[in-house]
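*Asks:* Fold the following and give me the result.
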Amino acid sequence: MRIAKNLLHTLLLFALTFLFVATSYADVDSTKQTETVTGVEILTSINKAEIYVGDLVEYTLTIIYDSTLELTPPPLGINLGAFDVKDYQPDIKSVLDDGRLKSENKFVLSTFTTGDYVIPVIPINFTLPDGSQKTMFSESVPIKVLSLLFNTDEDQEIKPLKPQYEFQRDYTWYYIIGSILLILLLIIGIIIYRRKKNAEGYVEPVDLRPAWEIAFEKLAFLKQSDYIMKSEFKSYYIELTEIIRLFYEKMYNQNYTDMTTEELLASFRELELPESLYDDTKSFLRHADLVKFAKYIPEQKRCEDDYQVIHLMIEKVRVDILKKEEAQRLVEVRKAQMQTTTKSEKESETESKSNEVSS
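*Replies:* Reported below is the predicted structural model:
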């Protein structure tokens, strides 16, 4: 009876495995297409539909669109579900034989939890020739993540974990020291508040230095930090992004610190910027978003290179602003000279008429 039961169980497991493998094979490297606008195709593909914990899977998002449309590439901080981004190649552009444009976005993903997962749909924005906006969505992609223990012997017994040992602690001194520190902080706060309140004519100091001097100083302090040595890349890019955003905010009188990357780039398109500043800013901000929001781990050399890129962008803006101020100053000087010449000519003409009348 037991042998028949085991045989039936084995046959059922074999049938289910065969159906799943056949379905997975049909899905591997397949493309899923959504087409709602003439000349636009959105394709998604993966190289594995079934992986084990820790395996790498390549996910490709391909966008084919007409050259009359303007594509806003998906942000690098897009939600990819439960997967971590190990590597990426965004917005790889090419031109097809029929004249349409092709943009490929490749991601290398991994996860350390098992189960049935789905790479969610990704919104893709287009600007039509009439100026209207159109949002299309890619299709979701299912992936099954298996445990490394999947093929172990069923008769092997896995013993449960032993209960954790609980250490008995006496928290009395913690409470006493914490209370004393809290009282001291409260007293210090009251003293500082009263001194500020009683101070007459107190004005918060304002840094009157040019914006680029402040930015260069912050970059110098960041360079002395040990974020890169400790592999604290997220904190490093947060500070680096704040430095360039605050600098742009002071130079172009826009609230860039509260804008998203796409909003900042859209605002930049309306400004007269130095050469390549827009492209450099776009490349840096999108890479920084990937590190800050998508758990991407950059190489140390890339971190150092981005530091130099920010330094050069600030220098470009500084030189451009000084040139414009010098040109404006020359225009004002010429206007003043022309006004003085005109005034002198009028005075000479008035004096001549007075002499003629006297004669």
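*Asks:* Name the SS class of Asn125, please.
*Replies:* strand (DSSP: H, G, I helix; E, B strand; the rest coil).
*Asks:* To clarify, my last question referred to Tyr88.
*Replies:* The three-state label given to Tyr88 by three-state DSSP is strand.
*Asks:* Remind me which helix or strand the nearest residue to it once chain neighbours are set aside belongs to.
*Replies:* Leaving aside its sequence neighbours, Tyr88 sits nearest to Phe107 (CB to CB, 6 or more residues apart in numbering; 5.1 Å). Glycine gets a C-beta too; all of them are placed from N, C-alpha and C. Using DSSP states H and E, Phe107 sits within strand 101-110.
*Asks:* show me where the stretch 1-150 of the chain has strands.
*Replies:* Using DSSP state E, counting those that start in this stretch, the strands of the stretch 1-150 of the chain run over 32-34, 41-46, 50-52, 57-65, 70-72, 84-95, 101-110, 115-119, 123-127, 133-137, 141-146.
*Asks:* want to try TSV for those, with distance to Ala327 and mean neighbour count as columns?
*Replies:* Shown next, in TSV, are those (distance: least, CB to CB, whole Å; neighbours: other CB atoms under 10 Å):
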stretch	distance to Ala327	mean neighbour count
strand 32-34	51	14
strand 41-46	47	19
strand 50-52	60	17
strand 57-65	41	20
strand 70-72	33	15
strand 84-95	36	14
strand 101-110	39	18
strand 115-119	52	15
strand 123-127	34	16
strand 133-137	38	13
strand 141-146	55	19
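*Asks:* Indicate which one of those is closest to Glu275.
*Replies:* Counting by CB to CB, Glu275 lies closest to strand 84-95 out of the strands of the stretch 1-150 of the chain; the figure is 20.8 Å.
*Asks:* Can I get that closest one as CSV, trimmed to CA atoms?
*Replies:* C-alpha atoms of strand 84-95 as CSV (Å, rounded to 0.1, in the frame of the first residue of the first chain):
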residue,chain,number,x,y,z
ASP,A,84,17.9,43.8,-6.5
VAL,A,85,19.7,45.5,-9.3
LYS,A,86,23.2,44.1,-9.8
ASP,A,87,24.0,45.9,-13.1
TYR,A,88,22.3,48.0,-15.7
GLN,A,89,22.7,49.5,-19.2
PRO,A,90,20.0,52.2,-19.6
ASP,A,91,18.6,53.8,-22.8
ILE,A,92,20.9,52.1,-25.5
LYS,A,93,19.6,53.8,-28.6
SER,A,94,19.8,52.7,-32.2
VAL,A,95,18.0,53.3,-35.6
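*Asks:* No further queries at this time; thank you.
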